[in-house]
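Novice: Have a look; sequence and predicted model below, questions after that.
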Amino acid sequence: MRRWNGWGDDAKIYPLSESAAGYLGRILGEADPIPDASFEQVLSTVPASRLSPHRLINTNAAERLLHARGQSLPDWIALRSGQIDVYPDGVAYPTNDEEVRSLLKYAGETDTRLIPYGGGTSVVGHINPLLGDQQTLTVDMSRLNKLLHLDETDQTATFEAGVTGPSLEEELRRHGYILGHFPQSWEFSTLGGWIATRSSGQQSYYYGRVEDFFAGGHLETPVGPFDLPPFPASAAGPDLREMILGSEGRLGIITRAIVRVRSTPEVERFYAAFFQDWETGVKAVRAVAQSDLPLSMLRLSNPLETETTLIMAGRERLVSWAVRGLRMLGYGDEPCMLIYGLTGYRGILAITRWRTAALLRSHGGLLVGKTIGEMWRKSRFSTPYLRNTLWERGYAVDTLETAVPWANVLATAEAITSTLRDGLTDQEERVLAFAHLSHIYRDGASIYATFIFRRAKDPTETLHRWQKLKNATSEAIVAHGGTISHQHGVGTDHAPYLAVEKGKVGMSMLEAVQRKLDPQGLLNPGKLL
Ligand SMILES: Cc1cc2nc3c(=O)[nH]c(=O)nc-3n(C[C@H](O)[C@H](O)[C@H](O)COP(=O)(O)OP(=O)(O)OC[C@H]3O[C@@H](n4cnc5c(N)ncnc54)[C@H](O)[C@@H]3O)c2cc1C
């Protein structure tokens, strides 16, 4: 069963070895496990619903609690402490367009705010009802989850928008196809959520970001149905799919989407290489990105992430072996690990592997084969479960991300990690902060940082610590010319920084479109705009 106050399936546990716990204790200080509120305790605090009855609306307190928050750290703090200030007044599970239309009509007539809900995996406050007088209804898309049509001539598939990653791929696999969109939240996030947040998968280098595979679809908006027909390409004015990508539930409810799929690749392999330092590694991945070699993934960890990742994975022996070996080869004490993936036809892969190896070696890379790459592949969706384990040991974990041109990569990564590292010194609390380049482009890269700190006994103080770190790093990202989000979206947490990159005219364009499609402001207020 899915955890109600943490990540993932409650049968899955990511164990932490005693030496990994010791490593955290040495860096951050010993932490006290702080008990969580139970489901029953929190349930008893859910207030009465304010909604008038409707055949599609469930006002059951448990349903409302299960849809109250997403997966951001503030969400975790609220859920685990039971200090949830606001709940949706009801949850609806539409099964077709007509039911979605009926919910929009109900919202208009009863002045109810609607929150479209995919998998609830948002990490920036997208699906949280906001404090205020308005009654809120969460529209859970999970029953709109079918494959409607597979066009093998065009290699496109039409899915209902509430389909999750595993179900979507399972349907395609049966016919020999793959979408290949693998965000780390793949187990639970949905096609509609990926579109509405402009999501990026781990292998988007090969399979494309959502904007590459979203070919068209259908929305129900407060002013009527809206179709986006698929074209291979079009010069007929601005592309309206771009308005829907990243619309965060503000413009309409996506009920189905047409996606570009491809034949299941013949082979997929992941390899690892080390570089003597971060700067050398960054130069090497830029060279690969600009070489046109058809890789499927490049992920370069900075020295602290290299060390921490291997230790958290319970691979201390591998770390000390690697550090000793790398030192003997003159790689110093701060090696950086690159994991790279190759996907496609066997023959092309052989050439790509050979050319990539030559390029990495010419940039000082030490290739170490498949073992670490395979380790990454096996744990690619289980790493988020470590958040549960660390929380239970008294530590809070969060991530943030941006993308910048190559010229700013080193300075921005340094600004992010040092801002996080020093962000709680006035409270004499330490922060473990590390980063990797997660998605690589010809003209720049995304920087993805993880930070871990001790929870305070008082959840409000833990939230305060997080807010301080989040504000300072968001300011640092913006000051370095980075986008406020490369893949997580805007929600509430990033909304104050959006105008910096969109500008005054850009913001007024977005607001005008939102007002046009949703004149009463029914859909997901307070998010994005
Ligand atoms: C552990 C973890 C790992 C993650 N890894 C990644 C990653 O690798 N890459 C990445 O891009 N993101 C990642 N995320 C963030 C998150 O998974 C993405 O933002 C995802 O796209 C959200 O999808 P969802 O279905 O859960 O949407 P939700 O969280 O339910 O909703 C997100 C937004 O989309 C809107 N929405 C959802 N469905 C619809 C619909 N049908 N019509 C209109 N609006 C809709 C909602 O109103 C909301 O504004 C991660 C999150 C977690 C917790």
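Specialist: On my side now, so go ahead. Numbers count the residues shown, from 1 in each chain.

Novice: can you pull the contacts of the residue in the stretch 301-450 of the chain positioned nearest to the ligand?
Specialist: Closest approach between the stretch 301-450 of the chain and the ligand, counting by C-beta to the nearest ligand atom: Pro384, at 3.5 Å. C-beta coordinates here come from the backbone N, C-alpha and C atoms, glycine included. Applying C-beta atoms under 8 Å, 6 or more residues apart in numbering to Pro384 gives the contacts 7-8, 184-185.

Novice: Among these, which one lies nearest to Arg355?
Specialist: Closest approach between the contacts of Pro384 and Arg355, by C-beta to C-beta: Gln184, at 28.6 Å.

Novice: and that closest one, how far is that from Gln276?
Specialist: 28 Å (C-beta to C-beta, to the nearest Å).

Novice: again with Arg346
Specialist: From Arg346 to Gln276 the distance is 32 Å (C-beta to C-beta).

Novice: These two: which is more packed in?
Specialist: Using other C-beta atoms under 10 Å, the more surrounded residue of Arg346 and Gln276 is Gln276, with 20 against 9.

Novice: which residues are in contact with stretch 86-94?
Specialist: 46-47, 49-51, 54, 56-60, 63-68, 99-100, 103, 112, 115, 117, 128-131, 135-144.

Novice: Can you get me the start-to-end distance on that stretch?
Specialist: 23 Å (C-alpha to C-alpha, to the nearest Å).

Novice: Could I get the buried residue list for it?
Specialist: The neighbour-count check on stretch 86-94 (16 or more other C-beta atoms under 10 Å) flags 87-94 as buried.

Novice: which residues in the stretch 101-250 of the chain form strands?
Specialist: 112-117, 135-140, 147-151, 156-160, 177-178, 214-221, 224-228 (DSSP state E, counting those that start in this stretch).

Novice: Ok, which of the ones you listed comes nearest Leu191?
Specialist: Comparing these by C-beta to C-beta, strand 156-160 comes nearest, at 5.5 Å.

Novice: ok now that closest one, how far from the chain's centre?
Specialist: Offset of strand 156-160 from its chain centre (C-alpha atoms, centre = their mean, to the nearest Å): 22 Å.

Novice: Then stretch 336-345?
Specialist: Worked out by C-alpha atoms, centre = their mean, stretch 336-345 lies 20 Å from the chain centre.

Novice: quick one: buried residues of it?
Specialist: Buried-residue list, stretch 336-345, by 16+ other C-beta under 10 Å: 336-344.

Novice: quick one: which of the residues you listed sit in strands?
Specialist: 336-344 (DSSP state E).

Novice: now, which of those residues sits nearest Gly481?
Specialist: Among these, and counting by C-beta to C-beta, the member closest to Gly481 is Cys336, at 23.5 Å.

Novice: if you skip the residues just before and after it, what's nearest to that closest one?
Specialist: In space, not counting the residues next to it along the chain, Cys336 is nearest to Gly281; the distance is 4.1 Å by C-beta to C-beta, 6 or more residues apart in numbering.

Novice: next one: Arg3
Specialist: Nearest non-adjacent residue to Arg3, counting by C-beta to C-beta, 6+ apart: Asp10, 4.8 Å away.

Novice: returning to what we had before: of all the strands of the stretch 101-250 of the chain, which one comes closest to the ligand?
Specialist: Closest approach to the ligand among the strands of the stretch 101-250 of the chain is made by strand 112-117 (3.6 Å; C-beta to the nearest ligand atom).

Novice: and the top helix by length along the chain, what does it pack onto?
Specialist: Counting residues, the longest helix found in the chain (DSSP state H) is helix 495-517. Where contact means 3 or more C-beta pairs under 8 Å, 6 or more residues apart in numbering; DSSP states H and E, helix 495-517 is packed against helix 459-479.

Novice: got the angle between the helix it packs on and helix 495-517?
Specialist: 80 degrees (axes from the mean of the first three to the mean of the last three C-alpha atoms, to 10 degrees).

Novice: just checking, what packs against helix 459-479?
Specialist: Using 3+ C-beta pairs under 8 Å, 6+ apart, helix 459-479 sits against helix 73-81, strand 395-405, helix 406-422, strand 444-454, helix 495-517.

Novice: Averaged pLDDT, it. What do you get?
Specialist: The average pLDDT within helix 459-479 is 98.

Novice: quick one: buried residues of that helix?
Specialist: By 16+ other C-beta under 10 Å, the buried positions in helix 459-479 come out as 459, 462-463, 465-466, 469-470, 472-474, 476-478.

Novice: any chance of those in a markdown table, plus distance to the ligand?
Specialist: Listed next are the buried residues of helix 459-479 as a markdown table, based on distance: C-beta to the nearest ligand atom, whole Å:
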| residue | distance to the ligand |
| --- | --- |
| Pro459 | 19 |
| Thr462 | 18 |
| Leu463 | 18 |
| Arg465 | 20 |
| Trp466 | 15 |
| Leu469 | 18 |
| Lys470 | 16 |
| Ala472 | 22 |
| Thr473 | 17 |
| Ser474 | 17 |
| Ala476 | 21 |
| Ile477 | 17 |
| Val478 | 20 |
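
Novice: Flag every buried residue along stretch 66-83.
Specialist: Neighbour counts over stretch 66-83 (16+ other C-beta under 10 Å) mark 66-82 as buried.

Novice: quick one on the thing from earlier: just the ones in strands among the buried residues of stretch 336-345 that are near the ligand?
Specialist: Among those, no residue sits close to the ligand (C-beta under 6 Å from any ligand atom).

Novice: Within range of the ligand, give me the residues from the chain.
Specialist: For the chain, the contact set with the ligand under C-beta under 6 Å from any ligand atom comprises 7, 70-71, 115-123, 126-127, 141, 161, 183-185, 189-190, 192-194, 196-197, 199-200, 248-249, 253-254, 384, 487-489, 524, 527.

Novice: Return the distance of the worst-scoring helix or strand of the chain on mean pLDDT from the chain's centre.
Specialist: Here the helix or strand of the chain ranked lowest by mean pLDDT, DSSP states H and E is helix 316-328, holding a mean of 73. Chain-centre distance of helix 316-328: 32 Å, with C-alpha atoms, centre = their mean.

Novice: For beta bridges, what are the partners of the nearest residue to Met297 once chain neighbours are set aside?
Specialist: Distances taken as C-beta to C-beta, 6+ apart place Gly341 nearest to Met297, at 3.5 Å, with adjacent residues excluded. Counting by DSSP bridges, Gly341 forms beta bridges with Phe270, Met297.

Novice: Could you check how many residues crowd around the residue nearest to Cys336?
Specialist: Gly281: 28 surrounding residues under other C-beta under 10 Å.

Novice: The stretch 251-400 of the chain: helices as residue ranges?
Specialist: Using DSSP state H, counting those that start in this stretch, the helices found in the stretch 251-400 of the chain span residues 278-289, 303-312, 316-328, 346-362, 371-379, 386-392.

Novice: where among those is the average confidence lowest?
Specialist: With a mean of 73, helix 316-328 has the lowest mean pLDDT of those.

Novice: which helices and strands sit right next to that one?
Specialist: Using 3+ C-beta pairs under 8 Å, 6+ apart: helix 316-328 touches helix 303-312.

Novice: contacts for the helix it packs on?
Specialist: So helix 303-312 is contacted by 16, 19-20, 23, 274, 277-278, 301, 316, 318-319, 322, 333-337, 386, 417, 432-436, 450 (C-beta under 8 Å, 6+ apart).
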